[in-house]
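Participant: Quick check, what structure comes out for this input:
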Amino acid sequence: MTDARRFRHEAAIYGSDDELLAVAVPFLREGVEAGEATLLGVDEPEQRLILDALGDTDGITPLAWGEVYASPYAALEWNHRTLNDLLANGAPRVRVLGAVPSHGTAATWDGWARYEAAVNHLYGPLDVWSVCPYDTRRTSDDVLADVERTHTHLAAPDGGHVPIPAYTDPVAFLTERARQAADPLEAEAPHVAERDPTPGEARRTITALAKATSLDAATVERLLLAVSEVVTNATVHGAPPVDLRGWATADRIVVTVRDHGPGPDDPFVGFLPRRDQPGGLGLWITNQACSRVALLPEPEGFTVRITVGAPPG
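Facilitator: All right, here's what the predicted structure looks like:
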């Protein structure tokens, strides 16, 4: 067990219940037979289908899917802690059949796309084999394209495990994703702007901006928490000046916070809570509050973009 990278991340892209079972049943049975910790985390209809097909479910741990996969960053932390605990308690390997929510809106998928890319790095040293099922009957072509870029192999119904040529290094994927997340509003003059605001001043500015929108109070509160954390990070860990900018339509808000420092060294900062890195905890709180967060290193500064509400268009 000296290999620095042991995590195996596969996608199972299927178009029928039979195709799902052809991948899931042998994968889970083999895990139990090998004495591995074997977890099943899929939506209730698929979980019932798979458990019925297995018959003997001894050795398989079903997960409360709606709780574990409620949000990308909560799932990332829960899974990371659970996998480490199982391995530390003697499991020779952990085998997971786990599905992320993939058929929502483009806005909700963005966080899960980042999750699927980041686990390739964050879980890399863990002796874990994960298969992520995606149903083509409910999943868009755009999402499936991201799936192919964030999984190293395809688990096929015929039992094969085929490398995916489109797989992309997670740092490159996340950097590209952040650039693509630019909102057309950012090409306009900002609706609000502050230089070197305190966290309190930033919250008041964005509170006033939010009054022009139809966003619910809970969404606005999460945005205010995220903005406060990012402004604090930029002030404490970045270099002045710190510029806060905001744009709003009736159904969305975009906020950018830019400082003139280099930004964090770790491209995965904020995915898991890290108290040993500058900004690690603040960006993790930001991601928990608002999953549409982009980190943008620039030649002369570092920008964090936060978006809430409906996607453009």
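Participant: neighbours around D251, how many?
Facilitator: By other CB atoms under 10 Å, 12 other residues sit near D251. Where C-beta positions appear, they are placed from N, C-alpha and C, glycine not excepted.
Participant: Check V96 too.
Facilitator: 25.
Participant: before we move on, what about R252?
Facilitator: 21.
Participant: my read: it touches T307, true?
Facilitator: Yes. Between R252 and T307 there is a contact at 6.6 Å, judged by CB atoms under 8 Å.
Participant: what do those two both touch?
Facilitator: Contact criterion CB atoms under 8 Å, 6 or more residues apart in numbering; residues shared by R252 and T307: D183.
Participant: Strands of the stretch 201-313 of the chain, start to end?
Facilitator: 243-248, 252-259, 293-298, 301-309 (DSSP state E, counting those that start in this stretch).
Participant: residues contacting the closest residue to D158 other than its chain neighbours?
Facilitator: Excluding its sequence neighbours, the residue lying closest to D158 (CB to CB, 6 or more residues apart in numbering) is A22, at 7.5 Å. Counting by CB under 8 Å, 6+ apart, A22 makes contact with P157, D158, G159.
Participant: A22 belongs to a helix?
Facilitator: Yes. Counting by DSSP: H, G, I helix; E, B strand; the rest coil, A22 is located in a helix.
Participant: ok, so what distance separates it from S71?
Facilitator: As judged by CB to CB, to the nearest Å, A22 and S71 stand 31 Å apart.
Participant: For stretch 234-247, measure first residue to last.
Facilitator: End-to-end distance for stretch 234-247, by CA to CA, to the nearest Å: 20 Å.
Participant: returning to that earlier point: Throw the strands of the stretch 201-313 of the chain into TSV and include mean pLDDT and distance to A11, thanks.
Facilitator: As requested, the strands of the stretch 201-313 of the chain are exported to TSV (pLDDT from 0 to 100; distance: least, CB to CB, whole Å):
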stretch	mean pLDDT	distance to A11
strand 243-248	98	36
strand 252-259	97	30
strand 293-298	90	24
strand 301-309	94	27
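Participant: Go ahead and confirm A106 touches D142.
Facilitator: Yes. Applying CB under 8 Å, one finds A106 in contact with D142, separated by 7.5 Å.
Participant: So the two - more neighbours on which side?
Facilitator: A106 (15 against 11).
Participant: any idea how far the more buried one is from N233?
Facilitator: 27 Å.
Participant: Over to E33?
Facilitator: 48 Å.
Participant: who's more crowded, those two?
Facilitator: Legend: neighbour count by other CB under 10 Å for E33 and N233, higher for N233 (28 against 10).
Participant: Leaving out the residues flanking it, which one is nearest to the residue nearest to the spatial centre of the chain?
Facilitator: Geometric centre of the chain, nearest residue: Y115, 2.6 Å, by CA atoms, centre = their mean. Nearest residue to Y115, sequence neighbours excluded (CB to CB, 6+ apart): P72, at 4.1 Å.
Participant: and if you look at E229?
Facilitator: Among residues not flanking E229 along the chain, G282 sits closest, at 4.2 Å (CB to CB, 6+ apart).
Participant: For that neighbour, which residues are in contact?
Facilitator: For G282, the contact set (CB under 8 Å, 6+ apart) comprises E229, V230, T232, N233, G270.
Participant: now swap in D142 and tell me
Facilitator: Here D142 is in contact with A106 (CB under 8 Å, 6+ apart).
Participant: where does it land in three-state SS?
Facilitator: Relying on three-state DSSP, one would call D142 helix.
Participant: For R252, see how far away it is.
Facilitator: 19 Å.
Participant: T136 too?
Facilitator: T136 is 29 Å from R252, by CB to CB.
Participant: any idea which of the contacts of A22 has the most stuff around it?
Facilitator: P157 (17 neighbours).
Participant: which ones are touching that residue?
Facilitator: Counted by CB under 8 Å, 6+ apart, P157 has contacts Y14, D18, E19, A22, V23.
Participant: Could the C-alpha coordinates of the helix or strand hosting R177 be exported in CSV?
Facilitator: Counting by DSSP states H and E, the element that carries R177 is helix 170-180. Only the C-alpha atoms of helix 170-180 are listed here, as CSV (Å, rounded to 0.1, in the frame of the first residue of the first chain):
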residue,chain,number,x,y,z
PRO,A,170,-9.0,18.5,-11.9
VAL,A,171,-7.0,21.7,-11.6
ALA,A,172,-7.4,22.4,-15.3
PHE,A,173,-11.1,21.5,-15.1
LEU,A,174,-11.8,23.7,-12.1
THR,A,175,-9.8,26.6,-13.6
GLU,A,176,-11.8,26.4,-16.9
ARG,A,177,-15.0,26.1,-15.0
ALA,A,178,-14.3,29.3,-13.1
ARG,A,179,-13.6,31.1,-16.3
GLN,A,180,-16.8,29.8,-17.9
